[in-house]
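Asker: Okay, sequence plus prediction incoming.
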Amino acid sequence: MDKNLLEHSLALVDLPDDGLTVRFYEILFDRHPEVRPMFARGIRQQAGMLRTAVIAVVDHVDDAEWLQSTLGTLGRRHAELGVTEPMYGAVAECMIAAMSEIGGPRWTTEMTAAWSEALTAVASLMLAAYPTADDASGAA
């Protein structure tokens, strides 16, 4: 992954007051209203946590051990909340849409490709930590 491009593009769209992630949730709920009930807490608080997570992932994009450990823990939490595999695609689609909208004409196809790759990797690491049928049955 191109850490420099991810950092540069995030700096371009990272608005004050969690504006990027607030806009992301607006787009997510508009395009995928079925996920709205999963968010009991205020979206501002959720947007702040998501922004922190996005920045942390970009900061550690070259640290495979950190990514696997941190995103694995986050993946297990999301599994407990009922987040399904297709929801990760919706999240990536809506995050890139928010970034592209905020970035306007300065947002490039290279940025879209870099974020698509990064968000796919994040989803893969999170999903890899989901419990399997063997985990539920207690099999080794």
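Answerer: Received the coordinates, thanks.

Asker: where does this structure dip in pLDDT?
Answerer: Flagging of the chain using pLDDT under 70 yields the residue ranges 133-140.

Asker: can you map out the helices along it?
Answerer: 3-13, 19-31, 43-59, 64-80, 85-103, 109-128, 133-137 (DSSP state H).

Asker: can I get those in CSV with mean neighbour count and distance to P37?
Answerer: Yep, even glycine has a C-beta here, placed from its N, CA and C like the rest. Below are the helices of the chain laid out as CSV (neighbours: other C-beta atoms under 10 Å; distance: least, C-beta to C-beta, whole Å):
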stretch, mean neighbour count, distance to P37
helix 3-13, 16, 28
helix 19-31, 18, 10
helix 43-59, 16, 13
helix 64-80, 15, 15
helix 85-103, 17, 13
helix 109-128, 17, 21
helix 133-137, 8, 24
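
Asker: what sits against A92?
Answerer: Shown in contact with A92 (C-beta atoms under 8 Å, 6 or more residues apart in numbering): 115-116, 119-120, 123.
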